[in-house]
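In: using only what follows, build the 3D model:
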Amino acid sequence: MSLRPARARRPRLALAVSALALAIVAAPSADVAAGPPDAATPVGPSVGAASNALKPATGATGATAAKPAPAAATAPKPKRAKASRASSPSTAWTKDPAGHASAKQWVFDVAVDRGVVLVEKARAVTLARPTSTARVAGRFALELWIGHELLDRVRFSPPLMGDEVERRKARLFAKPTFDKITVKTKAQLADHDRATYVVLVDGQKNERTKFWWPPEADGTLQPMTVPAGAESVKPDAKPPAAPAAPAAKP
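Out: The predicted structure follows:
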């Protein structure tokens, strides 16, 4: 037995693989090779019949039947916008003016009568050294103005007020509120000799009440509905008596 090198066997192996590939390609399909079906074997719908059933039917004139119109593409549903929270009724506070230090200060006596805020009086005090108005948060504010220029502002909240939420009528049991309280408090502002009027601001209800400035000698503030310099008439004050008629000459 002669030993041939491995290189001589490679051409024969390649020829065998090529012949096998050609045999597979030239082999008839299974349907053709199987021949006609046996009469005893039930015949089902063939693949060719199924393909013919899917073809569009032709009329006598050979015209192809109209294809059904494609279904209209449904428009995409619009995205529901997120409901934004209702903005609070509080007014948009403007920027606080620059601090103004003064040794002279004004102390306001503020009274709350069943939720209604009133400025009773304003009195001047003198401190040991100049001090500017404190910058704090609060529902209410007292502002000093001249024309359209804001000179100073102090914010405050009476005790138990300033944190009320809007009442919902649909609630069976409403939350306790303190918007109808009666209390007294104080607010302090640095003096501005240029100020001509003072404004009481309710930031939650966006209400503004203007008073002439400076106050009267007794500390009371006159609303700007009364002309400046006019004497304020108190509700309990009696009207002045009419002058007596001159006596008739004989």
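In: now residue 101. Nearest residue, chain neighbours left out?
Out: residue 130 (3.9 Å; Cβ to Cβ, 6 or more residues apart in numbering). In this view, the C-beta of every residue, glycine as well, is placed from N, C-alpha and C.
In: mind listing the strands for this protein?
Out: Remark: strands assigned in the chain by DSSP state E are 102-113, 116-131, 140-146, 149-156, 183-190, 197-202, 207-212.
In: in its sheet, what does the third one sit against?
Out: Strands flanking strand 140-146 in the sheet, each with its direction: strand 149-156 (antiparallel), strand 197-202 (antiparallel) (DSSP bridges).
In: where's residue 153 relative to residue 14, distance?
Out: 100 Å (Cβ to Cβ, to the nearest Å).
In: mind checking which of these two has more residues around it?
Out: residue 153 (20 against 10; other Cβ atoms under 10 Å).
In: how about the more buried one, what does it touch?
Out: Residue 153 sits next to 96, 97, 133, 141, 142, 143, 144 when contact means Cβ atoms under 8 Å, 6 or more residues apart in numbering.
In: ok, so of those, who is nearest residue 122?
Out: Here the nearest of the contacts of residue 153 to residue 122, counting by Cβ to Cβ, is residue 142; it sits at 9.0 Å.
In: report the backbone C-alpha coordinates of the longest helix along the chain in PDB.
Out: Looking across the chain with DSSP state H, the single longest helix is helix 9-26. Extracted as PDB, the C-alpha positions of helix 9-26 are listed here (Å, rounded to 0.1, in the frame of the first residue of the first chain):
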ATOM      1  CA  ARG A   9      -6.800  13.800  -2.200                       C
ATOM      2  CA  ARG A  10      -8.100  17.400  -2.200                       C
ATOM      3  CA  PRO A  11      -9.100  17.700  -5.900                       C
ATOM      4  CA  ARG A  12     -11.200  14.600  -5.700                       C
ATOM      5  CA  LEU A  13     -13.000  15.800  -2.500                       C
ATOM      6  CA  ALA A  14     -13.800  19.200  -4.200                       C
ATOM      7  CA  LEU A  15     -15.200  17.400  -7.300                       C
ATOM      8  CA  ALA A  16     -17.400  15.300  -5.000                       C
ATOM      9  CA  VAL A  17     -18.800  18.300  -3.200                       C
ATOM     10  CA  SER A  18     -19.500  20.100  -6.500                       C
ATOM     11  CA  ALA A  19     -21.300  17.100  -7.900                       C
ATOM     12  CA  LEU A  20     -23.500  16.800  -4.800                       C
ATOM     13  CA  ALA A  21     -24.500  20.500  -5.000                       C
ATOM     14  CA  LEU A  22     -25.500  20.100  -8.700                       C
ATOM     15  CA  ALA A  23     -27.600  17.100  -7.800                       C
ATOM     16  CA  ILE A  24     -29.500  19.000  -5.100                       C
ATOM     17  CA  VAL A  25     -30.200  21.900  -7.500                       C
ATOM     18  CA  ALA A  26     -31.300  19.700 -10.400                       C
END
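In: now that helix: mean pLDDT?
Out: Averaging pLDDT along helix 9-26 yields 74.
In: ok, which of the strands of the chain comes nearest residue 222?
Out: Proximity to residue 222 (Cβ to Cβ) singles out strand 207-212 among those, at 4.9 Å.
In: so which bits of the closest one are buried?
Out: Going by neighbour count (16 or more other Cβ atoms under 10 Å), the buried part of strand 207-212 is 209, 211, 212.
In: could you dump those to JSON lines with distance to residue 184 and pLDDT?
Out: Output for the buried residues of strand 207-212, formatted as JSON lines (distance: Cβ to Cβ, whole Å; pLDDT from 0 to 100):
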{"residue": "209", "distance to residue 184": "18", "pLDDT": "95"}
{"residue": "211", "distance to residue 184": "18", "pLDDT": "97"}
{"residue": "212", "distance to residue 184": "23", "pLDDT": "96"}
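In: closest one to residue 202 out of these, please.
Out: Using Cβ to Cβ, the shortest approach to residue 202 within those belongs to residue 209, at 8.3 Å.
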